[in-house]
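Asker: need a structure here:
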Amino acid sequence: MNDHVIEVENLSRSFGKLVAVDDVSFTVDRGAIFGLLGPNGSGKSTIIRMLLGILPPSSGEARVLDLDAVKQAELIKPRIGYMSQQFSLYTDLSVRENLEFYGRIYGLSHQRLAERKSAVTELTGIEDRMNQLAGTLSGGWKQRLALACSLIHQPDVIFLDEPTAGIDPVARRELWDLLFELSGQGVTLLVTTHYMDEAERCTDVGYLYMSKLLVLGKPDALKRLPQVTPEGTIRYDVKVPSPTSQLTRLRAIDGVHDATLFGERIHLLVDESIQQKQLPSRLGFEATDFDIQSSEPSLEDVFVTLTNLAEKEGPQAIIAEAESDKLDEQVDDQSNVPRMLDAEDDVELDRIRGGGLHGLWAMLVKEFFHVRRQPTTLFFMFLVPVMQTIIFGYAINTQIENIPTVVLNLDGRLQSQLLVESFENTRRFKLIENVYDQAAFDRAMRSGRAQVGIIVPPNYGERLLLGEQAHIQVLIDGSDSQVASTAQSTAQLLGQSRSIQLAKAKGESLQLAPARDSEGKSVLPIEVRTRLLYNPDLDSSHFFVPGLIGVILQLVTLFLTSFAVVRERELGTLEQLFVTPVGRTGLMLGKLIPYAAVGAVEVLIMLVVMLYIFGVPINGSIMLLFWLSMLFTVCSLGLGLFISTIAKTQLEAFQMAFIIMLPSILLSGFVFPRAEMPLPIYWASFTIPATYFIEILRGIILRGAGLTDLTSSVVGLTICCVVVIVASVLRFRKQLG
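Answerer: Alright, predicted model coming up:
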């Protein structure tokens, strides 16, 4: 049976030109505490993320529990636990709620969750803090909670990324006591740290430097490396008065290779030729003031020595001699550490003391760097104004033309055809359909396909020939007050103009009346009788308020989901979820459904406001309106999720959401008639979900339209919703890069 729980072979990871992990190989046995050491930025976290399956390697292989960390990552996640370097649990949930959340994520039954919750709280000692919010815990208790959450499902392997960073020494010791207990129970631990005292507690240690694994082995074996205490040298532990002032003198003695201060004692590496008894006299001390004894190297001695050798001879030289492997890191450059200023620096201090404009240049340069490195900000600054200018200056046309018009011509003779043509010739009306019965006429108006309906009576031509007044009925959709006013005035002017033309044809010179009414009085030949449907008073609130519901609903839901997910990414809680077995569809829908419920309440609130404050009645089915509103809510939430798969920060999410909202307001027909837009932009407006929803709102609320009347809008909104949700799920990856 293979006892290797973790197997890493030639693992590498690059970020562009930066090599973070370079050709690393190591194995970890079952029940071991394997320590990955190295300074901050050395690639320790990168290796863990590749082993967790949330960061794909550039090359090489990694296996955890005999499963491929790339191809079988989702099979590994139920069997591992993870404590990230940053506290990444939910600060606004209590200790109990965090534990229960992760228990449910791992699919624990109610009974099993209760058992595991009791076990991990007893192990970590957090029973008394179950109702405390996680965000109010101290550093040590936060780490205990993080460990408890990582243990809730009884993992075989636990990855701990600098688990003791930022906590006090007592909490560090207590946490390590817990780790020892887990190791004794057979749990395998991989721990990253840069504390040498913690390295001493590991069963196996690997040290990273400049993207390479310099050495690998057990602490005692590493201390015996020939490079640490070279042949012909010996190590001493010295205690002298004022040890800090003696370091320079000790290092200046011939044969002293290294002198390092540890508390009140100094660790020395010297030639064997320097006798122990000679050191006090060389420093000018009496033997009674000088305590010296032989010592063994510490792990810090090991890593400092190897780092110095690597800087001089290159990492490959150390690897070749120590027969180890490789990894990534950037080592602090001690030459850049600022020196302490003394009295001789008074003049320089005067120069750098701040004034009113001190630091202005530094701030300017920094802000320009920020702007340059934020592509979304540049897009927001330069392309959005261009888009606004095009929309306002080119796409938006307040002049009303081409109003969709349906004609029910019950006469059909030449005079009636000429009348219909005269309506079209005004350019205010665009004939979209000729219908032949009243039912088809009513459907066209109710569905919103036509905003003007012209009914020519069957005796229109006959009455004109007989010199009687003919009546034309023009029905106008009053839900859009701008369009309705234009259509009404144009129709009336057209009737007058057409009448004058006919009067001239009769021959005014003969002093004949062109037409007479039923009482025999002289009248115009044609009377255009207009009637406003749905909004007879042309109340602007009847037009704007239904559309406003759609715009506000999209605004709120879009920002809710996009900000919520991006905020989790910034806090690190999303990375913690990536390590769990939760599916990406489950994660996305888990985010979407609660906000959809919030959206449902929001829809009801806005409808109540519309009814009782603005007095806009709902003429159609309230249930149909509600369910189609929920369809639009899900679509808007999906757009927010899609933004969250792209944006890395809340600022980017805000900018992207704004870019989506701008066309939703201006091109959806909410304010400006879509029919007046240039053809390319008109067709582009069909890709905007709000276009369909605003038509649905006005159709149901104002015109009393049913599902059959709104088929095209419902189908369009459904397609948008499916495309957005599928794109969000496909775009979302349980990986960091």
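Asker: Can you report the mean pLDDT over the residues of stretch 674-683?
Answerer: Stretch 674-683 shows an average pLDDT of 79 in the prediction.
Asker: Check which residues of it are buried.
Answerer: Across stretch 674-683, burial judged by 16 or more other CB atoms under 10 Å covers Arg674, Ala675, Glu676, Met677, Ile681. Where you see a C-beta, it was placed from the backbone N, CA and C, and this is true even at glycine.
Asker: Out of those, which is nearest to Val603?
Answerer: Set against Val603, the nearest of the buried residues of stretch 674-683 by CB to CB is Arg674 (23.8 Å).
Asker: the strands in the stretch 451-600 of the chain, which residues?
Answerer: Assigned by DSSP state E, counting those that start in this stretch, the stretch 451-600 of the chain shows strands spanning 452-456, 470-477, 526-533.
Asker: Figure out the helix or strand that the closest residue in space to Ala600 that isn't next to it in sequence lives in.
Answerer: Nearest non-adjacent residue to Ala600, counting by CB to CB, 6 or more residues apart in numbering: Met630, 6.0 Å away. For Met630, the element it lies in under DSSP states H and E is helix 622-646.
Asker: and that helix, what does it pack onto?
Answerer: Under the contact criterion of 3 or more CB pairs under 8 Å, 6 or more residues apart in numbering; DSSP states H and E, helix 622-646 touches helix 540-571, helix 584-612, helix 650-666, helix 689-703, helix 711-731.
Asker: any idea how far the most centrally placed residue in the chain is from Leu560?
Answerer: Here the mean C-alpha position of the chain is nearest to the C-alpha of Ser644 (CA atoms, centre = their mean), at a distance of 2.7 Å. Using CB to CB, to the nearest Å, Ser644 is found at 11 Å from Leu560.
Asker: ok, now how distant is the residue nearest to the centre of the chain from Glu181?
Answerer: For Ser644 relative to Glu181 (CB to CB), the value is 39 Å.
Asker: Roughly how far does the closest residue to Ile167 other than its chain neighbours sit from Val726?
Answerer: Closest residue to Ile167 apart from its sequence neighbours, by CB to CB, 6+ apart: Gly139 at 4.1 Å. According to CB to CB, Gly139 and Val726 sit 43 Å apart.
Asker: more neighbours, these two?
Answerer: Comparing Gly139 with Val726 by other CB atoms under 10 Å, the one with more neighbours is Gly139, at 15 against 11.
Asker: List the residues that contact the more buried one.
Answerer: The contact partners of Gly139, by CB atoms under 8 Å, 6 or more residues apart in numbering, come to Gly166, Ile167, Asp168, Ala171.
Asker: from what I can see Gln482 touches Val671, true?
Answerer: No. Assessed by CB atoms under 8 Å, Gln482 is found out of contact with Val671, at 9.4 Å.
Asker: Poorly predicted segments of the chain, please.
Answerer: Across the chain, the ranges flagged by pLDDT under 70 are 1-2, 282-289, 313-399, 503-525, 535, 537-541, 734-737.
Asker: Number of residues surrounding Val601?
Answerer: Val601 is flanked by 9 other residues according to other CB under 10 Å.
Asker: whoops, I mixed them up, Gln85
Answerer: 18.
Asker: what sits against it?
Answerer: Counting by CB under 8 Å, 6+ apart, the residues that Gln85 touches are Ser45, Asp161, Glu162, Ala165, Thr192.
Asker: Assumed it was part of a helix.
Answerer: No. Applying DSSP: H, G, I helix; E, B strand; the rest coil, one finds Gln85 to be coil, outside a helix.
Asker: what about the residue nearest to Leu641 when sequence neighbours are not counted, distance to Thr561?
Answerer: The shortest distance from Leu641 to any non-neighbouring residue, by CB to CB, 6+ apart, is to Ser728 (4.3 Å). From Ser728 across to Thr561, the span is 9 Å (CB to CB).
Asker: Can you check which residues contact both of the two?
Answerer: Contacts common to Ser728 and Thr561, judged by CB under 8 Å, 6+ apart, are Leu641.
Asker: of these two, who's got more company?
Answerer: Each of Ser728 and Thr561 has its neighbours counted (other CB under 10 Å); Thr561 has more, 28 against 24.
Asker: Could you spell out which stretches of the chain belong to which domain?
Answerer: Per automatic domain parsing, the domain ranges recorded for the chain read 4-220, 229-296, 360-395, 403-533, 540-731.
Asker: Now tabulate those in TSV and tack on distance to Thr305.
Answerer: Output for the domains of the chain, formatted as TSV (distance: least, CB to CB, whole Å):
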stretch	distance to Thr305
domain 4-220	10
domain 229-296	8
domain 360-395	39
domain 403-533	81
domain 540-731	35
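Asker: Would you mind saying which of those lies nearest Thr307?
Answerer: With CB to CB as the measure, domain 4-220 is the member of the domains of the chain nearest Thr307 (5.9 Å).
Asker: Which residue, neighbours along the chain excluded, lies closest to Thr691?
Answerer: Distances taken as CB to CB, 6+ apart put Ser668 closest to Thr691, at 4.4 Å, once the chain neighbours are dropped.
Asker: Number of residues surrounding that neighbour?
Answerer: 23.
Asker: swap in the one 5 residues further on?
Answerer: Here the number of neighbours of Pro673 (other CB under 10 Å) works out to 20.
Asker: Can you get me the start-to-end distance on stretch 130-137?
Answerer: Criterion CA to CA, to the nearest Å; first-to-last residue distance in stretch 130-137 is 11 Å.
Asker: Can you give the distance of it from its chain's centre?
Answerer: Distance, stretch centre to chain centre, for stretch 130-137: 26 Å (CA atoms, centre = their mean, to the nearest Å).
Asker: Show me the contact partners of it.
Answerer: Contacts for stretch 130-137 (CB under 8 Å, 6+ apart): 89-96, 98, 121, 129, 142, 145.
Asker: hmm, which two among those residues are most spread apart?
Answerer: Asp92 and Thr121 (20.1 Å).
Asker: Just want to know which of those two has more residues nearby.
Answerer: Higher neighbour count among Asp92 and Thr121: Thr121, with 21 against 8, using other CB under 10 Å.
Asker: Report the spatially closest residue to that one, excluding sequence-adjacent ones.
Answerer: In space, Thr121 is closest to Glu127, 4.8 Å off (CB to CB, 6+ apart).
Asker: The one you found against Ala119, yeah?
Answerer: No. Glu127 lies out of contact with Ala119 (CB under 8 Å); the separation is 11.1 Å.
Asker: what separates Leu533 from Arg116, distance-wise?
Answerer: For Leu533, the distance to Arg116 equals 65 Å [CB to CB].
Asker: contacting residues around stretch 681-689?
Answerer: With CB under 8 Å, 6+ apart as the test, stretch 681-689 has contacts from 391, 394-395, 554, 632, 635-636, 639, 663-664, 667-669, 674-675, 677, 691, 716-717, 720-721, 724.
Asker: Give me the buried entries from those residues.
Answerer: 391, 395, 554, 632, 635-636, 639, 663-664, 667-669, 674-675, 677, 691, 716-717, 720-721, 724.
Asker: For Pro280, which three-state class applies?
Answerer: Relying on three-state DSSP, one would call Pro280 helix.
Asker: and the closest residue to Gly495 other than its chain neighbours, how many neighbours?
Answerer: Among residues not flanking Gly495 along the chain, Val528 sits closest, at 3.2 Å (CB to CB, 6+ apart). Val528 has 23 neighbours, counted by other CB under 10 Å.
Asker: Give the bridge partners for Val528, please.
Answerer: Ile472 (DSSP bridges).
Asker: What's the local residue count around Leu414?
Answerer: By other CB under 10 Å, neighbour count at Leu414 equals 9.
Asker: what's the answer for Gln275, then?
Answerer: Using other CB under 10 Å, the number of residues around Gln275 comes to 8.
Asker: Let me know the closest of the contacts of stretch 130-137 to Glu568.
Answerer: Comparing the contacts of stretch 130-137 against Glu568 with CB to CB picks out Tyr90 as the nearest, at 8.8 Å.
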